[in-house]
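Enquirer: Here is a sequence together with a model predicted from it:
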Amino acid sequence: MTTAATVLARPVTAENFSRYGKVYNLTGDADPKAIWTAGDGWHDGFTKTPLIDGRGHLGVTRGGGAPWHCSAMERHPQTEEAIFCLAQAVILAVAPASDAAAPHRDDIEAFVVMPGQVVVMKRNVWHDACRGVSGPTPYYWMAVCGLGESPWVAVSGGSKLVQAAPGEGPIA
């Protein structure tokens, strides 16, 4: 049972993530936001437009595993941020972009990002570091760096337990 203090991560789709940004699926050869090519023994897909606005930096974060208590979040007012997996699925916890001093626990949603998917968060979307569905997992991110600090702030209303939905990974 889900309460205000718990959120179950659901698979990310372009529709359910639209208030936070864009989703690309670069594995199915069908996403209309990508260009698809193929050759002898390979298939290729890449975004039709640059992934983020600005000259992005590529980074890797080594996230822990789900479940976890989301107690602090950050946002980036001057850049979008893209998240994509190395080889294992991750959970991204987000709250709507706002001018509030902190996100509220009741506004937190969580999404499972699978390898081959990319999410691009709009500016000012509150987010935590991703965690692996099945345990500690590294993932890539892309954002414009050097634009000033993005301080982590405590979630208003207290922390929220983020769990993988049944069938998405271990439930504690």
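Expert: Thanks, I have it.

Enquirer: only C-alpha atoms for contact and neighbour calcs from this point on.
Expert: Noted.

Enquirer: Run through the chain and note the low-pLDDT ranges.
Expert: 1-4, 167-172 (pLDDT under 70).

Enquirer: The same query, at a cut-off of 50, please.
Expert: For the chain, the stretches with pLDDT under 50 are 1-2, 170-172.

Enquirer: neighbours around P115, how many?
Expert: 17 (other Cα atoms under 10 Å).

Enquirer: An error on my part: the question was meant for A38.
Expert: 10.

Enquirer: residue at max distance from the center of this protein?
Expert: Distance from the centre of the chain peaks at D40, with 33.2 Å (Cα atoms, centre = their mean).

Enquirer: Next, name the residue at the spatial heart of the chain.
Expert: So for the chain, Cα atoms, centre = their mean, it's L92, sitting 3.9 Å from the centre.

Enquirer: May I have the beta-bridge partners of that one?
Expert: Taking DSSP bridges, one finds F111 as the beta-bridge partners of L92.

Enquirer: how about it, what does it touch?
Expert: Taking Cα atoms under 8 Å, 6 or more residues apart in numbering, we find L92 in contact with A110, F111, V112, V113, H127, D128, A129, C130, R131.

Enquirer: What helix or strand is I35 located in?
Expert: Element membership for I35 (DSSP states H and E) is strand 34-39.

Enquirer: Please list the outside residues in contact with that strand.
Expert: With contacts defined as Cα under 8 Å, 6+ apart, strand 34-39 is touched by Y24, L26, D29, H43, D44, G45, F46, T47, K48.

Enquirer: what would these look like in TSV with neighbour count and secondary structure?
Expert: As requested, those are arranged in TSV below (neighbours: other Cα atoms under 10 Å; DSSP: H, G, I helix; E, B strand; the rest coil):
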residue	neighbour count	secondary structure
Y24	21	strand
L26	20	coil
D29	16	coil
H43	12	strand
D44	13	strand
G45	19	strand
F46	18	strand
T47	16	strand
K48	11	coil
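
Enquirer: between those residues, which is closest to L161?
Expert: Nearest to L161 among those: Y24, at 26.8 Å, using Cα to Cα.

Enquirer: ok, that closest one - contacts?
Expert: Here Y24 is in contact with A14, D31, K33, A34, T47, Q117, V118, V119 (Cα under 8 Å, 6+ apart).

Enquirer: Phi, psi for the residue nearest to P138 when sequence neighbours are not counted please.
Expert: Nearest residue to P138, sequence neighbours excluded (Cα to Cα, 6 or more residues apart in numbering): R62, at 4.0 Å. Reported as degrees, to the nearest 10, the phi and psi values for R62 are phi -100, psi 100.
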